[in-house]
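Novice: Sequence first, predicted model second:
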Amino acid sequence: MVWKVGGGEKIKFWKDKWLGDDCKLEQQYNQLFLISGQQNSTISNMGSFSQGNWCWGIKWRRNLFDYEQHIVVAFMEAITDIQIQLHMQDIIKYILRSFELASGLKINFAKSSFGAIGKSDQWWKEAAEYLNCRILSLPFMYLGIPIGDNPRRNEFWDPILQKCERKLSTWKHRHISFGGRVTLINSILTTIPIYFFSFFRVPSKIIVKMEAIQRRFFWGGGQDQRKIAWVDWKTICLPKDKGGLDIKDLRTFNSALLGKWRWELFHNQEELWAKVICSKYDGRRAVENGITGSHDSIWWKDLISVHKQQQNRAILRETSWKVGGRQKFRFWEDPWTADEVPLMVKFPRLYQISRQQNQLINQVGSVTNQGWE
């Protein structure tokens, strides 16, 4: 019989009844207990994991006599079949240790923070204490992006708005020409939020506030002072050949940056990040069909909604399909034929009775000497 004792952090090896019978090892092997050098140790301190397997590390206070060695053999046979489970904290620590050995880098746990999603606060605290890390609270910043926050909340964008206000405070434009103001708007106000714009769909209220900052700066007003806007802002955002000043329209700019995700998914399907997205959300196909699930992240849902907008449909119109190894296109559902119309649309009755719906092209045929059949 195999007895499971968890990670063994709370069970005393000699003094607790964990072996499956109603007797402690201290009583059952009293002679060995008296010469043991680990009388008060827990099970987790009596061995270690090596390549995923538990190895006992029993220590004695002195060398064993011949008759004691026979007792030790029986003793080791009794505990060999005990299954020690590797806890998640141990797995994390071994993964990090493997990273250190593979990369040659050393992790400073004292300066690191630990957090998890889907685990209780108590588990967080125990894991952080075990790894000697600080507790990571949500949201947190990673590469300049707040992780775990909701980009649909207006408060999420407050740091960006405040940074724009600081950069273009009212004193800066008092002695700047209109041409200089246009340059500052394009070089500062448009570039400050570009990193956020490329990841998140900007709420309409935030677009209005950012455009208000740009308009106020352009026309020479301050936070408490408004100047007359002689030209409609939409006209100013037009290209110069159409009578505008070529200031970027923030809403269109945001849609264009998010639209780049679709382009990257098309051209980098073998990259790790693309494989993760395809595995979780069905990637390119979900973007094309506008499919979202109830458990999808806010980021993915916003990305799909942006691609449904009219200006982003141009990507679909200008995209042509090229069938290569037939391992990525569905036979019935994808527009892979010359007229770029899915076979399920051209032959709906055959599609309904087909037993190969949702299958790839290479699954509905094979290559022979005569060609593809």
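Specialist: Sure thing, it's come through. Owing to the predicted nature of the structure, the values given are computational and were not obtained by experimental measurement.
Novice: what's the burial count for Phe178?
Specialist: 12 (other Cβ atoms under 10 Å). Every residue, glycine included, has its C-beta placed from N, CA and C.
Novice: OK, contacts around it?
Specialist: If a contact means Cβ atoms under 8 Å, 6 or more residues apart in numbering, then Phe178 has Phe218 as its contacts.
Novice: Use 10 as the first number for this chain going forward.
Specialist: Yes, from this point I'll number from 10; that puts the last item at Phe187.
Novice: where in the stretch 110-259 of the chain is pLDDT low?
Specialist: 178-183, 230-235 (pLDDT under 70).
Novice: Let me see the ranges of the helices in it.
Specialist: With DSSP state H, counting those that start in this stretch as the criterion, the stretch 110-259 of the chain has helices at 130-140, 167-176, 187-193, 203-206, 213-228, 242-245, 259-276.
Novice: Tell me where this structure has strands.
Specialist: Taking DSSP state E to define them, one finds strands in the chain at 56-59, 62-65, 122-123, 143-144, 149-151, 154-156, 376-377, 380-381.
Novice: helices or strands up against the fourth one?
Specialist: Helices and strands in packing contact with strand 143-144 are listed as strand 122-123, helix 130-140; criterion 3 or more Cβ pairs under 8 Å, 6 or more residues apart in numbering; DSSP states H and E.
Novice: What strands flank that strand, and is each parallel or antiparallel?
Specialist: Next to strand 143-144 in the sheet, as set by DSSP bridges, lie strand 122-123 (parallel).
Novice: Distance from the partner strand to the middle of the chain?
Specialist: Computed by Cα atoms, centre = their mean, to the nearest Å, the separation of strand 122-123 from the middle of its chain amounts to 16 Å.
Novice: now what about it, what contacts it?
Specialist: With Cβ under 8 Å, 6+ apart, strand 122-123 has contacts from Trp133, Ala136, Ala137, Leu140, Cys142, Arg143, Ile144, Leu145, Phe149.
Novice: Of those, keep whichever come out buried.
Specialist: Trp133, Ala136, Ala137, Leu140, Cys142 (16 or more other Cβ atoms under 10 Å).
Novice: For the fourth one, give me its contacts.
Specialist: The one in question is Leu140. With Cβ under 8 Å, 6+ apart, Leu140 has these contacts: Gln98, Ile101, Lys102, Leu105, Phe118, Ser121, Phe123.
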